[in-house]
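Undergrad: predicted model, plus sequence, below.
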Amino acid sequence: MMRLLAGLSLAALLIMPATADPFRLGPEDRVDVRVFARPDMSVALKVDGDGNLRLPLVGSVGAAGQTIDEVEARLVAACRERAGILEPRVTVTVLETAPIFVGGAVQNPGRYAWASDLTAAKAYALAGGAPRLFEGTGPLLVFEAYRAVEQEEQTQTRLAAAILRRARLSAEAAAAPSFDVPDGWAEGLKPAQAEELLTREQHLFVKRREAITGEVKNLKRQSQILSEQEIALKASLGKKSQQLALLQQELTAIGGDSENARLVPVTRLLALKRSIVEVENDQREIERRISETRLQGAITEQTSANLQNSRVIEASGQLAEVERELVSLRESLLPVRRRAEVGRTAVGASDSRSARARVPVFTIRRELGGTVQVLHAEADTRLMPRDLVQVVVEPAPSGDLGRVAEMYSGNPEAAPLRASAVPAPKSPSPLGVSATGKGSSSAALQPAGLK
């Protein structure tokens, strides 16, 4: 399940509608931090209770309340200032988010995994819907049917995300300049969902490719600098050789003529010999520096090659995991589709009965910017990690049964059931709490109907 969630996160976790707030990290979120060319600093981390990520050699970096781009910028600055990396390139990928919590009039209250397309109605279905009601000779199955349809949609979304991720990883493993979108990958998805998944994978592919290309470019520039340094050292060595030859020539001239040797002061001979020794020492030092420069150049070239190879190896390993995930998803899709078909049939049967449906009223307790807000939400209100969804079930007005059944069967043509058609809960706060913290408020969310 963790591998499945991580896979879905890579493809669709951070994609939200243009009108929605951007995804922001918080405590318990797990991310994969990659510092290119520094495997010792590339790790999977969890945002701790203080809202920090603790990166090796860098220390704590604030992440809570930040978008992915903002966290990447902070990590880049921290790597430069604390780890001494001149031009760090850092990517952050969400592996797992904190859960959402569902309580109130549901069959299975508790914590559930968050996904980018999770709405109040979907969370309600995941929690089992309202406690099963019996009227006449059989149970009212509207919410159970909706849950089956929702499971089918989620499985199709995960399958499509895995197919796209496999295409991207295959291209990365082959070091290809782009990746081809497989035919039929978006089967069963709405156009907006398909566009979100594809945009995420394309963005991730381009970003990783640009990061590796930039790192390779930096290494090549460093290699060029080392080559120029070696040329300069060789020129300096040549000058020292000429200087040494002149000194030795002068010493030979003095020593070859006994008359001149008697006329030259002893101090001059000693100074001449000392100069020869110093020049020879300089030569050896330059030769040592040339050797070090050559070695550093070889290491730089090897690092450049290893950088590209390591990404290919990493992509190949991830590709194997995706293949296993695809097998599992395809095996589970058929029984899920069968249950969804049975659910649709059950919803159709419920529509003709005279039993009165019961409509859920959703309230969300959400922390925003250090304050807690209580939001009176509709069925299609999108959730964020750490949201607490409280459900109160109200009787639907007579005549609304068909609309309720259509709404919770996933029929896109059904007229949305607005919150205004449902009496507000009697209690001042369905959560049993009021908005707390400075600037707290209760806000009514009014998005379009469930799609």
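TA: Noted; the coordinates are in hand.
Undergrad: could you give me the average pLDDT of the strand or helix carrying Gln222?
TA: Take DSSP states H and E as the rule and Gln222 turns out to sit in helix 191-256. Averaging pLDDT along helix 191-256 gives 87.
Undergrad: for it, packing partners?
TA: helix 2-12, strand 90-96, helix 142-173, helix 258-263, helix 266-351 (3 or more C-beta pairs under 8 Å, 6 or more residues apart in numbering; DSSP states H and E). Yep, even glycine has a C-beta here, placed from its N, CA and C like the rest.
Undergrad: so of those, which one's packed in deepest?
TA: Per residue and on average, the most neighbours among the helices and strands packed on helix 191-256 fall to helix 142-173, with a mean of 22 (mean count of other C-beta atoms under 10 Å).
Undergrad: most centrally placed residue in the protein?
TA: Thr93 (1.6 Å; C-alpha atoms, centre = their mean).
Undergrad: for the closest residue to it other than its chain neighbours, give me the pLDDT.
TA: Nearest non-adjacent residue to Thr93, counting by C-beta to C-beta, 6 or more residues apart in numbering: Asp32, 4.5 Å away. Looking at Asp32, its pLDDT is 92.
Undergrad: can you tell me the SS state at Asp32?
TA: With DSSP: H, G, I helix; E, B strand; the rest coil as the basis, Asp32 sits in strand.
Undergrad: Gln373 now?
TA: strand.
Undergrad: what is the burial count for it?
TA: As a burial measure, Gln373 scores 18 neighbours (other C-beta atoms under 10 Å).
Undergrad: what bridges to it?
TA: As for beta bridges, Gln373 partners with Arg366 under DSSP bridges.
Undergrad: pretty sure it is touching Thr363, no?
TA: No: using C-beta atoms under 8 Å as the test, Gln373 is too far from Thr363 to be in contact (10.7 Å).
Undergrad: outline the domain layout of the chain.
TA: Domain assignment for the chain by the TED database gives 24-97, 99-132+356-407, 139-354.
Undergrad: and these, which one is worst for confidence?
TA: Looking at the domains of the chain, the bottom one is domain 99-132+356-407 with a mean of 78.
Undergrad: return the distance of that one from the chain's centre.
TA: 27 Å (C-alpha atoms, centre = their mean, to the nearest Å).
Undergrad: and what of stretch 195-202?
TA: 13 Å.
Undergrad: send the alpha carbons of that stretch over as CSV?
TA: The C-alpha trace of stretch 195-202 is given here as CSV (Å, rounded to 0.1, in the frame of the first residue of the first chain):
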residue,chain,number,x,y,z
GLU,A,195,-4.3,16.5,-18.2
GLU,A,196,-3.2,16.8,-14.6
LEU,A,197,-1.4,13.5,-14.6
LEU,A,198,0.3,14.1,-17.9
THR,A,199,1.4,17.7,-16.9
ARG,A,200,2.9,16.4,-13.7
GLU,A,201,4.9,13.6,-15.4
GLN,A,202,6.1,15.9,-18.2
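Undergrad: may I see the buried residues of it?
TA: By 16 or more other C-beta atoms under 10 Å, the buried positions in stretch 195-202 come out as Glu196, Leu197, Leu198, Arg200, Glu201.
Undergrad: confirm for me that the second one is in contact with Ala160.
TA: Yes: in this structure Leu197 lies within contact range of Ala160 using C-beta under 8 Å: 6.1 Å.
Undergrad: quick one: common contacting residues for those two?
TA: Contact criterion C-beta atoms under 8 Å, 6 or more residues apart in numbering; residues bridging Leu197 and Ala160 by contacting each: Ala186, Leu189.
Undergrad: enumerate every residue touching the residue nearest to Thr93.
TA: Here Asp32 is in contact with Val43, Ala44, Val92, Thr93, Val94, Leu95 (C-beta under 8 Å, 6+ apart).
Undergrad: my guess is the first one contacts Val33. True?
TA: Yes: proximity of Val43 to Val33 meets the contact threshold set by C-beta under 8 Å, at 6.0 Å.
Undergrad: anything in contact with each of the two?
TA: Counting by C-beta under 8 Å, 6+ apart, the residues touching both Val43 and Val33 are Leu55.
Undergrad: of the two, who's got more company?
TA: Val33 (22 against 15).
Undergrad: residues contacting the more buried one?
TA: Contacts of Val33 (C-beta under 8 Å, 6+ apart): Met41, Ser42, Val43, Ala44, Leu45, Leu53, Leu55, Leu75, Val90, Thr91, Val92.
Undergrad: look up how far Leu53 lies from Glu87.
TA: 21 Å (C-beta to C-beta, to the nearest Å).
Undergrad: quick one on the thing from earlier: between the helices and strands packed on helix 191-256, which gets nearest to Gly49?
TA: strand 90-96 (16.2 Å; C-beta to C-beta).
Undergrad: so what are the sheet partners of the closest one and their directions?
TA: strand 30-35 (antiparallel).
Undergrad: can you name every helix or strand that the helix or strand just after the partner strand contacts?
TA: Elements were assigned by DSSP H and E; along the chain past strand 30-35, the next helix or strand is strand 43-46. In this structure, strand 43-46 makes packing contacts with strand 30-35, strand 52-55, judged by 3+ C-beta pairs under 8 Å, 6+ apart.
Undergrad: hang on, the earlier thing: of the contacts of Val33, closest to Gln248?
TA: For these, the nearest to Gln248 is Met41 (53.2 Å; C-beta to C-beta).
Undergrad: state the distance from that closest one to Gln308.
TA: For Met41 relative to Gln308 (C-beta to C-beta), the value is 19 Å.
Undergrad: same check, this time on Phe179
TA: Relative to Gln308, and taking C-beta to C-beta, Phe179 is found at 17 Å.
Undergrad: so Glu87 and Leu53 - more neighbours on which side?
TA: The residue with more neighbours, out of Glu87 and Leu53, is Leu53; 26 against 12, by other C-beta under 10 Å.
Undergrad: test my guess that that one contacts Val31.
TA: Yes: counting by C-beta under 8 Å, Leu53 does reach Val31; the two are 7.1 Å apart.
Undergrad: residues shared between the contacts of the two?
TA: With C-beta under 8 Å, 6+ apart, Leu53 and Val31 have common neighbours Leu45, Val47, Ala63, Val71.
Undergrad: most neighbours, which of those residues?
TA: Ala63 (29 neighbours).
Undergrad: for Thr363, see how far away that residue is.
TA: On the measure of C-beta to C-beta, Ala63 and Thr363 end up 28 Å apart.
Undergrad: now do the contacts for Gln243.
TA: Gln243 touches Val279, counting by C-beta under 8 Å, 6+ apart.
Undergrad: same check on Val322?
TA: Gly7, Ala162, Arg165, Arg166, Leu169.
Undergrad: report the spatially closest residue to the fourth one, excluding sequence-adjacent ones.
TA: Excluding its sequence neighbours, the residue lying closest to Arg166 (C-beta to C-beta, 6+ apart) is Val322, at 4.7 Å.
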